[in-house]
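Colleague: Below are the sequence and a predicted model; questions follow.
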Amino acid sequence: MIKHIVLFRFEDPTVNIPIVRESLYALREKIPEIVSMQIGEDFLHSGRSFDMALLVDFKTREDLEIYDKHPDHQQARAYIHAHRLDSKTVDFEY
């Protein structure tokens, strides 16, 4: 299994998080390679915090690549890139 984790900081979390959450959750119905997806909003708001976390599980690295290149994911990514201040990612096998 592959775990894909992305942390986001947004220009305006109050506006951006609901839009991003909806667009990413919609991918579950469009990309069958997604095994599971979780999205969480930070509630501590500390100096080290990011605004939102995305966790996605895939069966294989190839499935992650399909997700990454999928046109609907690219559309969601375009919105995210236009409104993010920072992001970090990690992908690992478990």
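Modeller: Looks like it arrived, so ask away.

Colleague: For the helix or strand Met37 falls within, buried residues please.
Modeller: Per DSSP states H and E, Met37 falls inside strand 36-41. Residues of strand 36-41 classed as buried by neighbour count (16 or more other Cβ atoms under 10 Å): Ile39. Bear in mind the C-beta positions are built from the backbone N, C-alpha and C, glycine included.

Colleague: Which elements pack onto that strand?
Modeller: helix 13-30, strand 52-58 (3 or more Cβ pairs under 8 Å, 6 or more residues apart in numbering; DSSP states H and E).

Colleague: Who are the packing partners of the longest one?
Modeller: It refers to helix 13-30. strand 2-10, strand 36-41, strand 52-58, helix 71-83.

Colleague: would JSON lines of these with distance to Glu93 and mean pLDDT be doable?
Modeller: Shown next, in JSON lines, are these (distance: least, Cβ to Cβ, whole Å; pLDDT from 0 to 100):
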{"stretch": "strand 2-10", "distance to Glu93": "6", "mean pLDDT": "98"}
{"stretch": "strand 36-41", "distance to Glu93": "15", "mean pLDDT": "98"}
{"stretch": "strand 52-58", "distance to Glu93": "10", "mean pLDDT": "98"}
{"stretch": "helix 71-83", "distance to Glu93": "20", "mean pLDDT": "98"}
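
Colleague: Can you convert those into TSV and add a column each for distance to Arg28?
Modeller: Below are these laid out as TSV (distance: least, Cβ to Cβ, whole Å):
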stretch	distance to Arg28
strand 2-10	13
strand 36-41	6
strand 52-58	9
helix 71-83	11
